[in-house]
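*Asks:* just need the structure, nothing else, for what follows:
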Amino acid sequence: MYMDTDALRWLQQVADGTTVTEVSELEPVTQSGVSRALARLEAQIGTPLLRRSGRTLRMTHAGAVFKPHLDAMLHDLDDGIAAVSQLVDPDTGTVALAFQASLGTWLVPDLARSFRAAHPGVRFLLTQVRDDPDSVALDGGQADLELGSRRPPDEATRSRLIGHEPLRLALPRDHPLAGRHQLQLADVAGEPFIGLRSASALRRLTDQLCLRAGFRPDVIFEGDDLSNVRGFVAAGLGVAVVPAPRAGSPEAVPGPVAYRRIGDEGAVRQIFLTWPADRRLLPATDLFRRHVLSRAAADRLPAVAD
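*Replies:* Alright, predicted model coming up:
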């Protein structure tokens, strides 16, 4: 059934309290034109949707039932028009980006800043994801791109390695070993450890490194957030293996936690950019994807703070 979208929008406006006179003043149509369009719409639906109450038009019961569906339909239509507009003009789109929390203090802000310098009209919808290797990629399909240390193994995604993230041993500033520039994990074998939950890829890597160093870490506090891990280290409750602070990030500022190089081989994690393989990215998102890959290839990501 064909329906006049203008008439549907006018019905929505009238239902929301706009008068027919005001609609005609806002739209290139006369009052009688608006009234005739609304009457044709009611005839198509088969029942009155509006009733006159004095000088005001109000919804009938049928109109009130129809209104939520009308709003949803016009909302979907506007989203579709916006998506097409984005195809035509990628500089006004939105990038839905998922990322691990540890990258939110240095990598994501740097990439967004450098990208928006050339594309100031692009917006970002940001969500955080865990580094659990078994969790669903791309925030369960809600994101178009993902930055993180895990590389989804399924065929529904594509990934590109964009960098390496050295790991550091986090110690309380007054720890006896804090004065050394580099440590072996065996040096802290007898210390209590602070760590992420066992499902975390970083926690798994930490456990593997410690086992190769000849001991199983005594993890006395487990959490979901690296900022909490650092906080417990700052309180003197233990040591932790964490990503190296990057220049310009809050972690790089001198404070109660000392970050020391780890001499053990393999104390580094990889950073990947992931995107869907089964659908085409909208232009704004693809522009950002290429921007990330370009900066990584040119070695223009923030340096480690030493």
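
*Asks:* tell me the contacts of H119?
*Replies:* P90, D91, A284, L287 (Cβ atoms under 8 Å, 6 or more residues apart in numbering). (Each C-beta comes from the backbone N, C-alpha and C, glycine too.)

*Asks:* now the second one. Nearest residue, chain neighbours left out?
*Replies:* Distances taken as Cβ to Cβ, 6 or more residues apart in numbering place G121 nearest to D91, at 4.7 Å, with adjacent residues excluded.

*Asks:* SS state for the one you found?
*Replies:* Following DSSP: H, G, I helix; E, B strand; the rest coil, we place G121 in the coil state.

*Asks:* top of the contacts of H119 by neighbour count?
*Replies:* A284 (25 neighbours; other Cβ atoms under 10 Å).

*Asks:* now do that residue against T274, distance only.
*Replies:* 17 Å (Cβ to Cβ, to the nearest Å).

*Asks:* got it, and P48?
*Replies:* 53 Å.

*Asks:* out of these two, which sits in the more crowded spot?
*Replies:* Neighbours were counted for P48 and for T274 using other Cβ under 10 Å; T274 has more, 22 against 15.

*Asks:* where along this protein do the strands fall?
*Replies:* 50-53, 56-59, 94-100, 123-129, 145-148, 157-172, 182-183, 192-196, 218-223, 240-243, 257-262, 268-276 (DSSP state E).

*Asks:* export the ones you listed as JSON lines, with columns for mean pLDDT.
*Replies:* As requested, these are exported to JSON lines (pLDDT from 0 to 100):
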{"stretch": "strand 50-53", "mean pLDDT": "83"}
{"stretch": "strand 56-59", "mean pLDDT": "82"}
{"stretch": "strand 94-100", "mean pLDDT": "93"}
{"stretch": "strand 123-129", "mean pLDDT": "92"}
{"stretch": "strand 145-148", "mean pLDDT": "95"}
{"stretch": "strand 157-172", "mean pLDDT": "95"}
{"stretch": "strand 182-183", "mean pLDDT": "96"}
{"stretch": "strand 192-196", "mean pLDDT": "96"}
{"stretch": "strand 218-223", "mean pLDDT": "94"}
{"stretch": "strand 240-243", "mean pLDDT": "96"}
{"stretch": "strand 257-262", "mean pLDDT": "96"}
{"stretch": "strand 268-276", "mean pLDDT": "95"}
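
*Asks:* for the ones you listed, give me TSV that also has distance to V136.
*Replies:* Formatted as TSV, the strands of the chain follow (distance: least, Cβ to Cβ, whole Å):
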stretch	distance to V136
strand 50-53	46
strand 56-59	42
strand 94-100	10
strand 123-129	9
strand 145-148	10
strand 157-172	10
strand 182-183	37
strand 192-196	19
strand 218-223	22
strand 240-243	23
strand 257-262	31
strand 268-276	11
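
*Asks:* from the ones you listed, which stretch is densest packed?
*Replies:* Of the strands of the chain, the one with the most neighbours on average (mean count of other Cβ atoms under 10 Å) is strand 240-243, at a mean of 26.

*Asks:* grab the nearest non-local neighbour of D132.
*Replies:* That would be A199: by Cβ to Cβ, 6+ apart, it lies 4.7 Å from D132.

*Asks:* and that neighbour, what is it in contact with?
*Replies:* Per Cβ under 8 Å, 6+ apart, neighbours of A199: R130, D132, D134.

*Asks:* burial count for the last one?
*Replies:* Residues within reach of D134, counting by other Cβ under 10 Å, total 8.

*Asks:* return the distance of the residue of the chain most remote from its centre relative to D16.
*Replies:* The C-alpha centroid of the chain is most remote from G54, which lies 50.6 Å away (Cα atoms, centre = their mean). Going from G54 to D16 by Cβ to Cβ gives 18 Å.

*Asks:* swap in R158?
*Replies:* R158 is 44 Å from D16, by Cβ to Cβ.

*Asks:* same question, C210
*Replies:* Per Cβ to Cβ, C210 is found 63 Å from D16.

*Asks:* more neighbours, these two?
*Replies:* C210 (21 against 10).
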